[in-house]
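Chemist: Pasting the sequence and the predicted coordinates here, then a few questions.
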Number of protein chains: 2
Amino acid sequence: MSAIPEEFVQKTTELSGEVTRPFPGSRKIYAQGSRPDIRVGMREIEQAETAASFGAEGNPPITVYDTSGPYTDPDITINLLEGLPALRAGWIEERSDSECLEGPSSEFGRLRSSDPELAKLRFEHISKPRRAKAGANVSQMHYARKGIITPEMEYVAIRENLRLERLKDSGLLRQHKGQSFGASVPERVTPEFVRDEIARGRAIIPANINHPELEPMIIGRNFLVKVNTNIGNSAVTSSIAEEVEKMVWSTRWGGDTVMDLSTGKNIHETREWILRNSPVPVGTVPIYQALEKVDGKAEDLTWELFRDTLIEQAEQGVDYFTIHAGVRLKYVPLTADRVTGIVSRGGSIMAKWCLAHHEESFLYTRFSEICEIMKAYDVSFSLGDGLRPGSLADANDAAQFGELETLGELTKIAWEHDVQVMIEGPGHVPMHLIKENMDKELRDCYEAPFYTLGPLTTDIAPAYDHITSAIGAAQIGWYGTAMLCYVTPKEHLGLPNKEDVRVGIITYKIAAHAADLAKGHPGAQVRDNAMSKARFEFRWEDQFNLALDPERAREYHDETLPKDSAKVAHFCSMCGPHFCSMKITQDVREYAREHGMSADDALKQGMQEKSVEFVKGGAEIYKKA
Amino acid sequence: MSAIPEEFVQKTTELSGEVTRPFPGSRKIYAQGSRPDIRVGMREIEQAETAASFGAEGNPPITVYDTSGPYTDPDITINLLEGLPALRAGWIEERSDSECLEGPSSEFGRLRSSDPELAKLRFEHISKPRRAKAGANVSQMHYARKGIITPEMEYVAIRENLRLERLKDSGLLRQHKGQSFGASVPERVTPEFVRDEIARGRAIIPANINHPELEPMIIGRNFLVKVNTNIGNSAVTSSIAEEVEKMVWSTRWGGDTVMDLSTGKNIHETREWILRNSPVPVGTVPIYQALEKVDGKAEDLTWELFRDTLIEQAEQGVDYFTIHAGVRLKYVPLTADRVTGIVSRGGSIMAKWCLAHHEESFLYTRFSEICEIMKAYDVSFSLGDGLRPGSLADANDAAQFGELETLGELTKIAWEHDVQVMIEGPGHVPMHLIKENMDKELRDCYEAPFYTLGPLTTDIAPAYDHITSAIGAAQIGWYGTAMLCYVTPKEHLGLPNKEDVRVGIITYKIAAHAADLAKGHPGAQVRDNAMSKARFEFRWEDQFNLALDPERAREYHDETLPKDSAKVAHFCSMCGPHFCSMKITQDVREYAREHGMSADDALKQGMQEKSVEFVKGGAEIYKKA
């Protein structure tokens, strides 16, 4: 019998309808890898046939990247109480370089697991934690450098390719040559390419061996640009159930990773529920929890306490840790005359500690010891930018760039341990200073993946900071940033609700996709081309289904033209039924088709005579509409 | 007694409360010019004093650009039935180069003014139209080239400067050096600079002599980036009252100009109501109305009918005309194999006409005659991009760029007539192809102001196209575009409601402002700096008031922390009351202040000892919070 009270079970195990509602016109498909247990989930959007008046032809289904995991697979029964299937368990086990522990090896983990008070909200099916065997290193980077292609690497290769080969005769692969500023995006991603990128540190697969439920994904400049979302409870406003719901909601809209920034109570237990049910990598900022353990007194933090927190979280399965190890004592005075000082919570905590002890922070001095922990579980570093600018005025200043240089040093140390690294970036930066951030990061951090918040390109639009920052995010993504941390409309004002999360994610999917297009990422334009063709052919349902947010697109259309007939109409509410701007080109094509010539010929050859004839025909067609 | 039925009067003359509600913490002010009748309206945002714990100091009021005209002046009684005060009437009259006509000189204008059926909805106080005397040219460009600085030019000079001189001791003028790609933005705008920019065609002041109600504004690469909004009725959905309300709503949120794209019935009368009550320049696409006059049959359009429409609208006071004179016969075949063909309504109409007649369009062949009309009223050209791309796939193609070259030719002809010109631009363009558009426009159109729609940087996000396009708009504005045409969330889906208009405008104000910042426009960072300082000092009310959308910022804040006490609290809902990231810098500064040293010194000099002391002090302060 479950120790969890009925009411809690009910709340925690029922996802709302809006979270689980299937995407219209879509189905879950799996691309098969080299072995039976490599099956890569994707979403396939079906398309209607082109209407006869446009030349009746089939339109191929479009495969899109899918972060929603089993939640959108009708063949899988979701049971939040049990967690998701452990997709990677076999892969981890067969490597034989890790072992199951008897229980948590962190002091805090043991305390929590043995506290009877917590039984009422503890996840019940906690596996025993797994750790590298003595002397072993279980990081993907370690395997890569040994020349091993792991199932995770093959998985992401298949995932990134999005079955583009199926479209090679469709015309949908047409796209502009990109400008990638020196990226090395291959025409087709091979497992070997993935291995090589990870070996040289240009990409990471965040995948803790204690989070076997996740579907591997890759973060690197030569892959699709990714989006991180943040969730997290606070003492008052969120319950465990809400956080799990938010995590699933985030994966629904396309969040590639999720950071759990909880600061309230029971964050250990909340994290367990999230991890066991998350198909995407989960990141945290361990210093937040450490601070809770010393009742918010930064100066009371110690290396021992922090170390215990790292182990606690690593054994739960956190995939990457934000660690502000670049906040060195010497940089703190550089922030004194800033307009907004230090705005990173982690940075501020460490600055306070440094000042209190007049010592370099233990994050910096103990960095190698941290690496030892990371590689025993394959936790990736997200080296935090504790001194990021909180206003345009403070952008690209000595404090920010000094810290970035230190992050580069630390990257090298982490790589000596074969530990995966990404680098966090700003913040608030006017457009013309954005590229300098990217260039410096690539140079000083040796092309380790850059992971940026925005940047916000102006300070004056609270309530619209998803937009002020998407402008910057699209640009820095174009210049080479590998993952964009989303910003919601509530930034600077309050805690995001579900609608804010949705808007924030879609906004960042736009920025990431705009970046892929500008870089000329192979196949990036497929969905745009399909959308444009559907638009030109008035296939309204396909337009909705191909949209990043199909539900909202349909809803907005229906506000003006709610009838179903409007969804097959060859006009829209913008120009109305009497004159459609796209109609003229359609008329030309129809005329050409009827007369067995190309559209170009229809216009060029004998234009005078034919055009009159065309218009006569066209005028008739026009009346029929 | 009024001929207008009571019910109509009531609906048409009452603006809703949300449109007329004053902005919080703001007052209308006027900057005085060289003569009593040059008084430039601006909005001044007051700021609270810095709290004692941050070093008690005054914060100067911030002057912001104000497009709302008399609607936000409590001293002016708005009477929509009578229209706005004719600010420019004296200036126009004293030039003695124009004369009042007996009545409309267009056939259509006469028909409408004498139709008794229309009395029930006709604006009652229509002035007699004014036209240049025979042989005269009343364009601002004509005066500029003769070396005359008009009151309009002085007005915009004062307006652009935003009383920055008042802030010279405040520290708020601090900003980053910009990257302007060759623009020539002066430190301070003088009337002579305005004159010179207009004389050489690099800027325009759209200001028809029949629209004396408008407050002059300038569109040019060396001035603040402007935003256009679109309104317009359609047969079913809008009334005259709604359109007037939408126009006022647009000016409230910062629309610098407004285009009336009406296609329904009574568009002549609707336009009159809009013009008489609009403090901003009004643009139209005359071919839309011409098409209505031939019942939607493009091939039946004639030069005579179009000419009559131009005169009709010019005598009502339309300030700029979109004219698709660059859609030449030879370009039409270039669109045949596009993914989305021709998507501009005006472009499509003209393409259809060209094909039907196998002739160059009368817009092209009669261009000089059109110029003669323009200069008699000072209507500016907005040379339309009828062949703009409707999808990423079609961006920067031969049709689009061919037309742009023709627009350059036409610009030269217009300038021979001293007629003001701006050039319309795309459309749908991936980020890396945007700059080519700007560079080509500057080169081929001789630096005439560029006026672009977006561009949208991806096709796949209907319902979020304000965002897909703001990403492109911010960039093209940075590269040199002078005015951005807004896009609402309903683009491609339906007709925008008031909320969509608001979101569209704020989104574009963000893009325009981000561009000003990146160009390094003098003073552009003032409001950002004030906001950041307010943020750092937890002056919540000032943060709301300084925001582009103060109402929404407050509303979002209050969703999480609704109490008034939260608006003076030294924390926010993001980190909560127990640890605020900005607190550490504040502690350092407070310590420094108490000990009579600079913040930098407090940290640098004798850091070890002092830092311990500081933390002791800081820890106490911390507990007090």
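Modeler: Sure thing, it's come through.
Chemist: Where does the prediction get shaky in the stretch 251-400 of chain A?
Modeler: Counting by pLDDT under 70, the stretch 251-400 of chain A contains no low-confidence segment.
Chemist: Residue numbers of it in contact with chain B?
Modeler: Residues of the stretch 251-400 of chain A lying close to chain B (CB under 8 Å from any CB of the partner chain) are A:263, A:291, A:296-299, A:332-333, A:335-345, A:347-349, A:351-352, A:355-356, A:358, A:390-396. Placement of C-beta: from N, CA and C, glycine included.
Chemist: Now with 7 Å, please.
Modeler: A:263, A:291, A:296, A:299, A:332-333, A:335-345, A:348, A:351-352, A:355-356, A:358, A:391-393 (CB under 7 Å from any CB of the partner chain).
Chemist: Now A:Ala336. Nearest residue, chain neighbours left out?
Modeler: Leaving aside its chain neighbours, A:Ala336 sits nearest to B:Ala599 (3.6 Å; criterion: CB to CB, 6 or more residues apart in numbering or on different chains).
Chemist: wait, what's in contact with A:Ile342?
Modeler: Going by CB atoms under 7 Å, 6 or more residues apart in numbering or on different chains, A:Ile342 touches A:Thr335, A:Ser348, A:Ala351, A:Gly386, A:Leu387, B:Ser581, B:Ile584, B:Thr585.
Chemist: And those, which is closest to B:Met431?
Modeler: A:Leu387 (28.9 Å; CB to CB).
Chemist: can you count the residues close to A:Gln316?
Modeler: By other CB atoms under 10 Å in any protein chain shown, the residues close to A:Gln316 number 27.
Chemist: swap that for A:Glu499, please
Modeler: A:Glu499, neighbours per other CB under 10 Å, totals 11.
Chemist: What of A:Ser34?
Modeler: By the criterion of other CB under 10 Å, A:Ser34 has 10 neighbours.
Chemist: what does the model give it for pLDDT?
Modeler: Reported pLDDT at A:Ser34 in the predicted model: 98.
Chemist: Could you do the one 5 residues further on as well?
Modeler: The pLDDT attached to A:Arg39 in the predicted structure is 98.
Chemist: quick one, what contacts the nearest residue to it once chain neighbours are set aside?
Modeler: Excluding the flanking residues, the one nearest A:Arg39 by CB to CB, 6+ apart is A:Tyr30, at 4.1 Å. Residues near A:Tyr30 by CB under 7 Å, 6+ apart: A:Arg39, A:Val40, A:Gly41.
Chemist: For A:Tyr30, which three-state class applies?
Modeler: Here A:Tyr30 is recorded as strand under DSSP: H, G, I helix; E, B strand; the rest coil.
Chemist: Return the set of residues that bridge with it.
Modeler: Beta bridges link A:Tyr30 to A:Gly41, judged by DSSP bridges.
Chemist: who in the stretch 51-200 of chain A is up against chain B?
Modeler: By the rule CB under 7 Å from any CB, the part of the stretch 51-200 of chain A lying against chain B is A:Arg174, A:His176, A:Gly178, A:Gln179.
Chemist: mind listing what the last one touches?
Modeler: Going by CB under 7 Å, 6+ apart, A:Gln179 touches A:Ala518, A:Gly520, B:His432.
Chemist: From A:Ile423, how far off is the first one?
Modeler: Remark: distance between A:Ala518 and A:Ile423 (CB to CB, to the nearest Å) = 21 Å.
Chemist: do A:Asp500 as well
Modeler: Using CB to CB, A:Asp500 is found at 27 Å from A:Ile423.
Chemist: now do A:Cys445
Modeler: Here the criterion is CB to CB. By it, A:Cys445 lies 5 Å from A:Ile423.
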